[in-house]
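In: Predicted model, plus sequence, below.
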Amino acid sequence: MINRIFSHELQERLDYSPGVVLLGARQVGKSTLARALASQTPDAVFLDLELSEDRAKLDQASAFFAANRSRLIVLDEVQSMPKLFVQLRPEIDAERRPGRFLLLGSANGALLRQSAESLAGRVSYLELPSLLWNEVQTATVSQDPTQQLLALQAHWQRGGMPLSALAKTDAQSLRWRNDYLQSIVRRDLPALGITIPGETLWRFLRMLAHQHGQLFNASSLAVAMGGISHITVGRYLDIFCDALIVRKVEPYFVNLGKRLVKSPKVYFRDTGLLHALLGIGNAHDLQGHPMSGYSWEGLVMNHIAALLPLISGGNATLNFYRTAAGAEMDAVVDTGAERIGFEIKLSNAPRVTKGFWSAITDLKLSRAYVVAPVSASWPLADNAHVITLQEVARVLGVQT
């Protein structure tokens, strides 16, 4: 079993909050993490709400909760029973002690809306991403730099969905990812009340893959989809953001008197899923693919985004910076106390442009890093370094 760096954070939140909502895409490892935690908690109750026998236990939910007030209650796939949120509120208020409920959900937008209305101020939210390189790297036996780079390439190619990452062959991994995406489009989204035809959403998702790591262009997608409106395109994008398949990263706005890019960038949250949509089946295909640079950027961006809940009390933000004059920084992390920049390069000998240094000056960055597939780090200047993907956690102050 691969140890998750989020285990400690999850336990900490249960130690001070009556409830924790653990968000994450399907099959990302939420149930595994929750079961491991429950196994270490005396008398914990685990209910999978997709199982009829477990759902039946909540026919009289208020009575069930009251009878188990001394125990941790874990509710998996809680978005499948939205009415529970209304019943959880008075139960938490009746006995407001830490660690009463752990709610697992796979639909970010819908789940947040449902819970925010009923459980405001009563629960803490934590998102579990697919496996991060730090987690996979720690589990890798060999510490040889060459073997580590090969392992990194495999992680990048297959992504971090556990069943994809641990598949015996690349072909099995790719087949699993294709089946997973089809299941999201044709089963999970309709179950959430999405009535758009599955074929339409599948076509949109495949087209969206070609905008990964780039400024979102709703107009070009609207034309490619047969002349639908850009508003409809935005609605389709929001569906996949809510399903935790895609994320939007907004530009960093500061009042500098400069012309700034205003469109968001889009990233698939898992590079393995991106590669399945692009037809990339192995490391050789990935190396020569025109989207490889954007894909590497997405791997690093998602790594940074995943770590943000673990720093600055979960209040750090992630944006990108680009001006019409050419200043650019792929990722800007604002912790409130400082701004940190990350430029992302797919090169073992990365070089930075004038725009990198301009962005440092414009934003008054305390430090900046170039993240590349290298085996060791080196300085570019007093406040700028080339670093490995593994070291991103360290420079952000995350214990792995």
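Out: Alright, I've got the coordinates. Numbers count the residues shown, from 1 in each chain.
In: burial measure for the residue lying closest to Val392 once chain neighbours are set aside, as a count.
Out: Ranked by CB to CB, 6 or more residues apart in numbering and with sequence neighbours excluded, the top spatial neighbour of Val392 is His303, at 5.7 Å. For every residue, glycine as well, the C-beta is placed using N, CA and C. Number of residues near His303 (other CB atoms under 10 Å) recorded here: 23.
In: any low-confidence regions in the protein?
Out: Applying pLDDT under 70 to the chain flags the ranges 107-114, 116, 140-141, 255-259.
In: where's the residue nearest to Val392, which helix or strand?
Out: For His303, the host element (DSSP states H and E) is helix 292-307.
In: Name the residues of the very next helix or strand once past that helix that are buried.
Out: With elements assigned by DSSP H and E, the helix or strand that comes after helix 292-307 is strand 317-322. Under the neighbour-count criterion of 16 or more other CB atoms under 10 Å, strand 317-322 has 318-322 buried.
In: how about the strands of the stretch 251-400 of the chain, start to end?
Out: Remark: strands assigned in the stretch 251-400 of the chain by DSSP state E, counting those that start in this stretch are 265-268, 317-322, 328-334, 339-344, 367-371, 378-381, 384-387.
In: Let me have those in TSV, extended by distance to Ser229.
Out: As requested, the strands of the stretch 251-400 of the chain are exported to TSV (distance: least, CB to CB, whole Å):
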stretch	distance to Ser229
strand 265-268	18
strand 317-322	26
strand 328-334	31
strand 339-344	33
strand 367-371	37
strand 378-381	45
strand 384-387	43
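In: out of these, which comes closest to Thr169?
Out: Closest to Thr169 of the strands of the stretch 251-400 of the chain is strand 265-268 (CB to CB; 22.4 Å).
In: List the contacts of the helix holding His303.
Out: Contacts of helix 292-307 with the rest of the structure, by CB atoms under 8 Å, 6 or more residues apart in numbering, involve 127, 129, 132-133, 156, 212-214, 247, 249, 267-271, 274-275, 286, 289, 318, 330-331, 333, 342, 344, 346, 371, 373, 389, 392-393, 396, 398.
In: cutoff 6 Å now
Out: 129, 132, 156, 212-213, 267, 269, 271, 286, 318, 331, 344, 346, 371, 392-393, 396, 398 (CB atoms under 6 Å, 6 or more residues apart in numbering).
In: Could you do stretch 328-345 as well?
Out: The contact list for stretch 328-345 (CB under 6 Å, 6+ apart) reads 252, 297, 300-301, 304, 312, 316-322, 355-356, 359, 363, 365-372.
In: hmm, which of those residues are the buried ones?
Out: 252, 297, 300-301, 304, 312, 316, 318-322, 355-356, 359, 363, 365, 367-372.
In: circling back: right, and the strands of the stretch 251-400 of the chain - which one's nearest Pro18?
Out: Nearest of the strands of the stretch 251-400 of the chain (CB to CB): strand 317-322, 26.8 Å.
In: Could you give the separation of that closest one from the chain centroid?
Out: For strand 317-322, the gap between its own C-alpha mean and the chain's C-alpha mean amounts to 16 Å (CA atoms, centre = their mean, to the nearest Å).
In: now for that strand, which elements pack on it?
Out: Contacts defined by 3 or more CB pairs under 6 Å, 6 or more residues apart in numbering; DSSP states H and E place strand 317-322 against strand 328-334.
In: Could you check how far Met1 is from Leu131?
Out: Going from Met1 to Leu131 by CB to CB, to the nearest Å gives 11 Å.
In: more crowded one of those two?
Out: A direct count of neighbours by other CB under 10 Å for Met1 and Leu131 places Leu131 higher, at 25 against 9.
In: So that one, which state does it fall into?
Out: At Leu131 the chain is in coil, as set by DSSP: H, G, I helix; E, B strand; the rest coil.
In: didn't it look like it was pressed against Gly159?
Out: No - counting by CB atoms under 6 Å, Gly159 is not a contact partner of Leu131; they are 8.2 Å apart.
In: Beta-bridge partners for Phe101, please?
Out: Here Phe101 sits in beta bridges with Gly19, Ile73, going by DSSP bridges.
In: Fine, thanks again, bye for now.
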